[in-house]
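In: predicted coordinates and the sequence they were generated for:
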Amino acid sequence: MNIAIFPGQGAQFEGMGKDLFDSFTQAQERFVQANEILGFDIAKIMFEGSKEDLQQTKVTQPAIFLHSVILAEVLGDKVASQAAAGHSLGEFSALTYSGALEFESGLRLVQQRASAMQTACEKTEGTMAAVLGLENKIVEKICEETTGVVVAANYNCPGQLVISGERLAIEQACVALKEVGARRALILPVGGAFHSPLMETARVELAQAIASTPFHSPKIPVYQNVTAQSTTDANEIQENLVKQLTGAVKWTQSIEQMIADGAKGFIEIGPGNVLQGLVKKIDRSMETFSGQQRL
């Protein structure tokens, strides 16, 4: 069983998608459609914008979604995956690829998600930190013992966990984590405390948007971040998407479940190759491929 995996925020790069636009009529049509849906020229920013331009949340999230979904469309039968999953934002790409969301619906939700998250970030000073070299249970214990809001947010691979919460609490947790043996506890250059309770206002706003968006039963199972389990139930998909904004991204657990379910290979569809590296750190025997290299 081969599984398509889709990256999240942080995978963007200058000039992203230009090769797709130049080579495929289908891609050109999607970019024109996206500009109309979003109300600004995202294609121009993706192709010509600076690193700083692409780091704006309102640009980053739609840009990664666009790159991933368009790449999947032009690849067509070259992907032939039996299931799909996405890391955080990438879950929207996976759902669109699977047929659970139409392209326009997926892009609109991503735009609304980005806007809601940006607003939540402006209300409370939050951040995230990468913790390397500790078992999950030790990191979770330190989070519980730290005063203030701080939670385990991204279970990326064994020995790599991202925590999220109030800036002061994160700083205190980083000190404590180093004291108990963390190889690194590094505050990340992000705009807020994603996948933590500080995203509650964004969760409420996105829940309303999701409730008014038509979802379909996907053609293939989708493994969702908050459960690390596969589903083809449209209602369950909606519920889990809402929970994702304040819940943890269980990427390690998801990959382990896919392997237990018979996965033999993973193809990363979208900008970058971060997810391939995480898969290898979870299980070195797994084959990984780049969608970009299969064009």
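Out: In hand now; what should we look at?

In: pretty sure Ala84 contacts Gly99?
Out: No: using Cβ atoms under 8 Å, Ala84 makes no contact with Gly99, being 9.8 Å away. Bear in mind the C-beta positions are built from the backbone N, C-alpha and C, glycine included.

In: what do the two both touch?
Out: 218, 220 (Cβ atoms under 8 Å, 6 or more residues apart in numbering).

In: compare those two (neighbour count), which wins?
Out: Using other Cβ atoms under 10 Å, the more surrounded residue of Ala84 and Gly99 is Ala84, with 30 against 14.

In: which strand or helix spans that one?
Out: Assigned by DSSP states H and E, Ala84 belongs to strand 83-86.

In: pull up the pairing partners for that strand, direction included.
Out: Strand 83-86 has the following sheet partners, assigned by DSSP bridges: strand 2-6 (parallel), strand 222-223 (parallel).

In: could those be laid out in CSV, adding distance to Glu135?
Out: Formatted as CSV, these follow (distance: least, Cβ to Cβ, whole Å):
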stretch, distance to Glu135
strand 2-6, 24
strand 222-223, 23
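
In: make a markdown table from the ones you listed and add distance to Ala114 and mean neighbour count to it.
Out: Listed next are the strands paired with strand 83-86 as a markdown table, based on distance: least, Cβ to Cβ, whole Å; neighbours: other Cβ atoms under 10 Å:
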| stretch | distance to Ala114 | mean neighbour count |
| --- | --- | --- |
| strand 2-6 | 16 | 26 |
| strand 222-223 | 21 | 26 |
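
In: how about the ones you listed in CSV, adding mean pLDDT and distance to Leu168?
Out: Below are these laid out as CSV (pLDDT from 0 to 100; distance: least, Cβ to Cβ, whole Å):
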stretch, mean pLDDT, distance to Leu168
strand 2-6, 97, 34
strand 222-223, 98, 35
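
In: what is the burial count for the closest residue to Glu73 other than its chain neighbours?
Out: Using Cβ to Cβ, 6 or more residues apart in numbering and skipping residues adjacent in sequence, the residue nearest Glu73 is Gln26, 6.0 Å away. Residues near Gln26, counting by other Cβ under 10 Å, number 12.

In: nearest to Gln160, of the strands paired with strand 83-86?
Out: Comparison of the strands paired with strand 83-86 against Gln160 by Cβ to Cβ identifies strand 2-6 as nearest, at 16.4 Å.

In: any idea which helix or strand comes after the closest one?
Out: Taking DSSP H and E, what comes next after strand 2-6 is helix 18-23.

In: could you list the buried residues of that following helix?
Out: 20-21 (16 or more other Cβ atoms under 10 Å).

In: how distant is it from the center of its chain?
Out: 23 Å (Cα atoms, centre = their mean, to the nearest Å).

In: quick one: secondary structure of Ala207?
Out: For Ala207, the secondary-structure state derived from DSSP: H, G, I helix; E, B strand; the rest coil is helix.

In: which SSE is the nearest residue to it once chain neighbours are set aside in?
Out: Spatial nearest neighbour of Ala207, chain neighbours left out: Val242 (4.5 Å); criterion: Cβ to Cβ, 6+ apart. Assigning secondary structure by DSSP H and E places Val242 in helix 234-244.

In: how about that helix, which residues are buried there?
Out: Quick answer for helix 234-244 (16+ other Cβ under 10 Å): 234, 237-244.

In: that one - contacts with which helices or strands?
Out: Other elements packing on helix 234-244 under the criterion 3 or more Cβ pairs under 8 Å, 6 or more residues apart in numbering; DSSP states H and E are helix 90-98, helix 200-211.
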